[in-house]
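Visitor: could you work out the structure for the sequence below:
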Amino acid sequence: MKLKIRNAVNSKPRMFGVIFIMLAGSGYGTGPWFAQNLERNGANPMGFLTARFVISAALLIAFRLARMGIKNLPDTRDALKIFFLGAFGFFVSPLLYFIAIQDLDSGLVVVIFYIYPALAVILSWIIYKHKPNLVITICLFTTLTGVWLTAGQVGDGNTSGVIITFFSAITHAIYVVAAGSISKKSDPLTMLTIALTGAAVTFTVVSLLGPSSLNPEFPINQQGWLLVLAMAFLITIVATALFFAGIKRIGPGVTSMVETFEAVVTISIGVLLMGETVTAIQILGTVTVLGSIVAIGLAESRAEIQSGKHPDSHSGTVLDLPIS
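Guide: Next up, the predicted model:
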């Protein structure tokens, strides 16, 4: 069974890349729900993010040492690139995003944050010379339109909150584009371990030495810490492993568009679990995003059939973690 799954993934790497990024987006999309409940249990963004990444890094270090020891480590230069990718990408953008949610209507945060796919496509074009084809260009436009519609009517927001969200989008676009290259430097488990260790170190240092405005407030009860554990495993370890597996296969430009599925999940959870309402326009936006993602998946599947390309020797998936 395990061999059949692996063969299926390797036979259509780009199509499964789209699927992996959708699953990662589903995990990331639960973040606002976790944040809301953690704040009710005494934590602030700096507190629950610090706990989330420290716990995730500790679990992964222990798991990797048990399975692989100190074998197959990347060279120092590549290890530092992965470390700083996590230290930057997992620190700046998530912290700004969750701080913004405290001050702005969540729909406005979603609308502003999801300008990042356009930024990622442009950066990928400039840096990697990945000129977007007609399908990607059309899907980029429709996914952004769908996100805008899905967010619906946004509430009033202060200027500082808008600026914070905008910088969160910029830093996430940079992270996605950088990850497209760095993700090929190591196997998935090792890369995930090093990157999350970088994030854990950054959050710990800032918590201890940073300004008072970034002082962490941790959960004050057992329920809060259980939520942190769930957040560490589901959103951080599983979703990020899927993200790295997906971006290896489809690159940063397509990844950034498929990841807009996160907005659909966030809005859906808001309606189902957080007492928010949904409108016909939001439903139309959701269908638009999903349709665009399906179009991307089909285009990627056709492209790999026509090219006859297969993943390289380092394109391991998240499935390789427990199977290999």
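Visitor: pull the CA atoms of the strand or helix carrying Leu144 into PDB?
Guide: If you go by DSSP states H and E, Leu144 is part of helix 134-151. What follows is helix 134-151, C-alpha atoms only, in PDB (Å, rounded to 0.1, in the frame of the first residue of the first chain):
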ATOM      1  CA  LEU A 134      -1.700  32.400 -20.200                       C
ATOM      2  CA  VAL A 135      -3.300  29.900 -17.900                       C
ATOM      3  CA  ILE A 136      -1.400  31.100 -14.800                       C
ATOM      4  CA  THR A 137      -2.100  34.700 -15.700                       C
ATOM      5  CA  ILE A 138      -5.800  34.100 -16.000                       C
ATOM      6  CA  CYS A 139      -5.900  32.000 -12.800                       C
ATOM      7  CA  LEU A 140      -4.000  34.600 -10.900                       C
ATOM      8  CA  PHE A 141      -6.600  37.200 -11.800                       C
ATOM      9  CA  THR A 142      -9.500  34.900 -11.000                       C
ATOM     10  CA  THR A 143      -8.100  33.700  -7.700                       C
ATOM     11  CA  LEU A 144      -7.500  37.200  -6.500                       C
ATOM     12  CA  THR A 145     -11.000  38.200  -7.600                       C
ATOM     13  CA  GLY A 146     -12.400  35.200  -5.800                       C
ATOM     14  CA  VAL A 147     -10.600  36.000  -2.600                       C
ATOM     15  CA  TRP A 148     -11.900  39.600  -2.700                       C
ATOM     16  CA  LEU A 149     -15.500  38.300  -3.200                       C
ATOM     17  CA  THR A 150     -15.100  35.600  -0.500                       C
ATOM     18  CA  ALA A 151     -14.000  38.200   2.100                       C
END
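Visitor: toward the C-terminus, what is the element adjacent to that helix?
Guide: Sequence-wise, the next helix or strand beyond helix 134-151 is helix 159-182, with elements assigned using DSSP H and E.
Visitor: how far out from the middle of the chain is the helix or strand just after that following helix?
Guide: Proceeding N to C from helix 159-182, the next assigned helix or strand is helix 188-209, under DSSP H and E. Centroid displacement of helix 188-209 relative to its chain, using C-alpha atoms, centre = their mean, to the nearest Å, is 15 Å.
Visitor: can you name the residues in contact with the following helix or strand past helix 188-209?
Guide: Moving toward the C-terminus from helix 188-209, the next helix or strand (DSSP H and E) is helix 222-230. Residues from elsewhere that reach helix 222-230, judged by C-beta atoms under 8 Å, 6 or more residues apart in numbering: 34, 37-38, 41-43, 48, 51-52, 55, 218-219. (Each C-beta comes from the backbone N, C-alpha and C, glycine too.)
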